[in-house]
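*Asks:* the sequence and its predicted three-dimensional model are supplied below.
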Amino acid sequence: MRSGVRRREFLKMSGAAALAGVAASAMTGCAFPVSAEEWRAQARMSQVGFLPGSDKAATVQWPQGSREAARVFAVHRMSGGKVMEGAPTMARADAISGDRVQVADFSAVREPGKYRLEVEHGHPVEFAVEEDGYRHALWSAVRGYYGQRCGCHVDLGGGYAHPPCHLHDAFDASSGRAGKFVNHGGWHDAGDYGRYVVNSGISTGTLLWAWELYGGVLHSLRLQIPESGGAVPDFLAEVRWNLNWMLSMQDTDGGVWQKLTSREFCGFVMPQDDPLEIYVIGSGEPPYKVATATADFAAVMAIAARVYRAHDAKFAERCLQAAERAWTWAMAHPDALFVKNPKGVSTGTYGDAHDGDELNWASAELWRTTGEARYEEALLKKMPGMLKIGVPDWGNVASMAWWTYVLAERGGRPRVVEQIQQATLATADALVARSGENGYGQTLAVADYVWGSNGVAGNQGLLLMIADQFHRQGKYRDAAVANVGYLLGRNCFGVSWVTQVGTNPFQHPHHRPSVADGIAAPWPGLLSGGPNRHPGDPTAKQVPQQAPMRMWVDKWQAYSMNEIAINWNAPLVFVLAGALA
């Protein structure tokens, strides 16, 4: 039954008939009695297809308890005709998922078209190879930000709409001020309606970096937003919506408050029905503004000054002046930290007891924008002797500082540039090695399966794309794109973790409009936080402890596994744009 004759017979047969025949003839080799349908393997791959020149692979996932293995796979054109055949890797246990898997690599298929992958003993899977195969996913992920807008009428089509919301704000006592506050919009941060400067910092900075590196791809996006057709490209118009809100959070002395939220989370209602008043919230003690928020703000505004200069010079100059005032304030108040919420406030904290990385990022971005020596000196004075590059997130933006120093068009000090590049490549090489060892081709380690693990996968992809900027070997970009494949279907659940993207997207994000709008499908273009081996809510804690990739459930109540957030969408946008570039 496992002879070479059996292999040739499989290749001669077509589609479901071949697969059904294999299953029926091999039932005696199964570890336990099951139906032919239950016994067949699943091929997990990116549900949005592949680019012609990219690596292409599927993970063959075997049912629990099965001892079977495929010895052959084939790729056929949907219009007819086999284009390749091959042998998958040997079956093995994958510790991250707990699955028994094989990998079918069909990277040799490079011509655009519609195809079908047929794996011995497995379900056939259709896929496409297209020059712009990720464009719809990119468009959706960027347009997801429009759906998160606060303070204006939003209409994504299909019933996904709401009127202006959260228009009546005030200063909380923790801000050191009193009275009304004029709202300037911004993006709802996550599944709640709060807006947080720290998380806006990493999110907006990542998006602006994507424009600087991959603007050719992003410039052509037509997002169908209110500003479409104006002088500023749609992508930058959407980002400016959040920049304007961030600018409103800066006090006259240059400092920036932590957040704009209610004092507690509202229920699962539409944004216009939120009954709670929104407050500017600070640290609760002098100077009331916060160094981490202020430094993040300075970094982002410095980037914006570069990016918008060619499109709106007046706005760019406003951003630069705001950045310089914020940097001066943050450098003068390094101990003005936000570690916990002030009394009476229970919304997201984004607490951080260390502001050195944010101050470095602000210094680096201002040096890159202005060329002024004081910013470079402030950065290099704090450069460690043994530089380590890590994966960025809202609480650790150190790598952003070092990378922008290297990417600066004016050129940094050669020895420093080389040290940053080598440290980045060392981290990237470790991620590439992990991708090759993982049964689903992704770079997450066990320790990375935390709250927002999908955002970690995205930011690891961002790091790999930066490594590709430093040393174009191909392997870094391929590993980054493989992480996108993981997020879009090549995972143990066979689910796309981006709403309304792919053939089997997840359905129940922890996202108030998706729950409250009365529409079955969730709002589009939003990335789930993903598996979390440390469940942090009652619903998530009902998931049995098992392999880390399996620690996820598609329920809106499971906020520690299935919330959405603007800082998780941002690296997804970055890597998708990089792949298309």
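*Replies:* Structure received.
*Asks:* what about the stretch 301-450 of the chain, any weak spots by pLDDT?
*Replies:* Low-confidence segments of the stretch 301-450 of the chain, defined by pLDDT under 70: none present.
*Asks:* the strands in it, which residues?
*Replies:* Taking DSSP state E, counting those that start in this stretch as the criterion, the stretch 301-450 of the chain contains no strands.
*Asks:* which positions in stretch 313-331 come out as buried?
*Replies:* Buried residues in stretch 313-331, counting neighbours by 16 or more other Cβ atoms under 10 Å, are found at 315-316, 318-320, 322-327, 329-331. Backbone N, C-alpha and C define where each C-beta goes, glycine included.
*Asks:* domain boundaries for this protein, per the record?
*Replies:* With domains defined by automatic domain parsing, the chain comprises 4-129, 135-500+559-580.
*Asks:* tell me the most buried of those?
*Replies:* domain 135-500+559-580 (a mean of 21; mean count of other Cβ atoms under 10 Å).
*Asks:* start and end of it, how far apart?
*Replies:* The first and final residues of domain 135-500+559-580 sit 7 Å from each other (Cα to Cα, to the nearest Å).
*Asks:* how far does that domain sit from the chain's center?
*Replies:* The chain centroid and the centroid of domain 135-500+559-580 are separated by 11 Å under Cα atoms, centre = their mean, to the nearest Å.
*Asks:* and the domains of the chain: which comes nearest Trp552?
*Replies:* The closest of the domains of the chain to Trp552 is domain 135-500+559-580. By Cβ to Cβ, the value is 5.0 Å.
*Asks:* and the next helix or strand past the longest helix seen in the chain?
*Replies:* Counting residues, the longest helix found in the chain (DSSP state H) is helix 414-437. Under the assignment DSSP states H and E, the closest C-terminal helix or strand after helix 414-437 is helix 453-470.
*Asks:* returning to that earlier point: can I get the domains of the chain in TSV including distance to Pro513?
*Replies:* Shown next, in TSV, are the domains of the chain (distance: least, Cβ to Cβ, whole Å):
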stretch	distance to Pro513
domain 4-129	24
domain 135-500+559-580	6
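*Asks:* so, low pLDDT: which residues of the chain?
*Replies:* 1-39.
*Asks:* could you rerun that using 50?
*Replies:* Applying pLDDT under 50 to the chain flags residues 1-36.
*Asks:* OK, contacts around the closest residue to Lys388 other than its chain neighbours?
*Replies:* Once flanking residues are discounted, Lys388 sits nearest to Ala423: 6.2 Å by Cβ to Cβ, 6 or more residues apart in numbering. By Cβ atoms under 8 Å, 6 or more residues apart in numbering, Ala423 lies in contact with Leu387, Lys388, Ile389, Trp402.
*Asks:* got the contact list for the spatially closest residue to Gly205 that is not a sequence neighbour?
*Replies:* Closest residue to Gly205 apart from its sequence neighbours, by Cβ to Cβ, 6+ apart: Val300 at 4.9 Å. Contact partners of Val300, counting by Cβ under 8 Å, 6+ apart, are Ser200, Gly201, Thr204, Gly205, Leu208, Leu243, Met246, Ala323, Glu365.
*Asks:* by contact count, what packs against the helix or strand hosting the third one?
*Replies:* Here Thr204 sits within helix 197-218, counting by DSSP H and E. Using 3 or more Cβ pairs under 8 Å, 6 or more residues apart in numbering; DSSP states H and E as the contact criterion, the elements in contact with helix 197-218 are helix 234-248, helix 291-307, helix 398-407, helix 453-470, helix 566-580.
*Asks:* format the ones you listed as a markdown table; extra columns: distance to Val543.
*Replies:* Output for the helices and strands packed on helix 197-218, formatted as a markdown table (distance: least, Cβ to Cβ, whole Å):
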| stretch | distance to Val543 |
| --- | --- |
| helix 234-248 | 33 |
| helix 291-307 | 33 |
| helix 398-407 | 32 |
| helix 453-470 | 14 |
| helix 566-580 | 20 |
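*Asks:* nearest to Gly518, of the ones you listed?
*Replies:* In terms of Cβ to Cβ, the element of those nearest to Gly518 is helix 566-580, at 24.1 Å.
*Asks:* count the neighbours of Ala521 for me.
*Replies:* When neighbours are counted by other Cβ atoms under 10 Å, Ala521 registers 14.
*Asks:* chain neighbours aside, what residue packs nearest to it?
*Replies:* Closest residue to Ala521 apart from its sequence neighbours, by Cβ to Cβ, 6+ apart: Gln500 at 6.4 Å.
*Asks:* is it true that that neighbour lies in a strand?
*Replies:* No. Checked against DSSP: H, G, I helix; E, B strand; the rest coil, Gln500 lies outside a strand; its state is coil.
*Asks:* so how far is Tyr134 from it?
*Replies:* To Tyr134, Gln500 is 15 Å away according to Cβ to Cβ, to the nearest Å.
*Asks:* what do you get for Met383?
*Replies:* Counting by Cβ to Cβ, the gap from Met383 to Tyr134 is 36 Å.
*Asks:* hang on, the earlier thing: my read: the residue nearest to Ala521 touches Arg143, true?
*Replies:* No. At 10.4 Å, Gln500 does not count as touching Arg143 under the criterion of Cβ atoms under 8 Å.
*Asks:* so what sits against both of those two?
*Replies:* Pro524, Gly525.
*Asks:* hang on, Ala93 in a strand?
*Replies:* Yes. Checked against three-state DSSP, Ala93 lies within a strand.
*Asks:* so how far is Tyr486 from it?
*Replies:* Distance of Ala93 to Tyr486, given as Cβ to Cβ: 18 Å.
*Asks:* show me where the stretch 251-400 of the chain has helices.
*Replies:* Using DSSP state H, counting those that start in this stretch, the helices of the stretch 251-400 of the chain run over 291-307, 313-332, 356-370, 373-380, 398-407.
*Asks:* for these, give me JSON lines that also has distance to Pro226.
*Replies:* Converted to JSON lines, those look like this (distance: least, Cβ to Cβ, whole Å):
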{"stretch": "helix 291-307", "distance to Pro226": "20"}
{"stretch": "helix 313-332", "distance to Pro226": "17"}
{"stretch": "helix 356-370", "distance to Pro226": "29"}
{"stretch": "helix 373-380", "distance to Pro226": "36"}
{"stretch": "helix 398-407", "distance to Pro226": "30"}
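*Asks:* identify whichever of these lies nearest to Lys541.
*Replies:* Set against Lys541 and scored by Cβ to Cβ, those come closest in helix 291-307, at 30.7 Å.
*Asks:* tell me the strands beside the helix or strand encompassing Ala43, with direction?
*Replies:* Assigned by DSSP H and E, Ala43 belongs to strand 42-44. Strand pairing for strand 42-44, using DSSP bridges, gives strand 57-62 (antiparallel).
*Asks:* what's the spacing between the strand it pairs with and its chain's center?
*Replies:* 23 Å.
*Asks:* still on that earlier bit, nearest to Ser262, of the helices and strands packed on helix 197-218?
*Replies:* helix 234-248 (16.1 Å).
*Asks:* by how many degrees do the closest one and helix 291-307 diverge?
*Replies:* Relative orientation of helix 234-248 versus helix 291-307 (axes from the mean of the first three to the mean of the last three Cα atoms, to 10 degrees): 140 degrees.
*Asks:* who are the packing partners of helix 234-248?
*Replies:* With contacts defined as 3+ Cβ pairs under 8 Å, 6+ apart, the packing partners of helix 234-248 are helix 135-147, helix 197-218, helix 291-307, helix 313-332.
*Asks:* including distance to Gln546, could the ones you listed go into CSV?
*Replies:* Formatted as CSV, the helices and strands packed on helix 234-248 follow (distance: least, Cβ to Cβ, whole Å):
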stretch, distance to Gln546
helix 135-147, 29
helix 197-218, 30
helix 291-307, 36
helix 313-332, 44
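*Asks:* so for Val553, which of these sits nearest?
*Replies:* helix 135-147 (21.8 Å).
*Asks:* how close does Ile303 sit to Asp393?
*Replies:* 18 Å.
*Asks:* what does Trp187 give?
*Replies:* Distance, Trp187 to Asp393, by Cβ to Cβ: 18 Å.
*Asks:* from what I can see Met249 touches Val256, true?
*Replies:* Yes. Between Met249 and Val256 there is a contact under Cβ under 8 Å: 5.3 Å.
*Asks:* brilliant, that's me finished.
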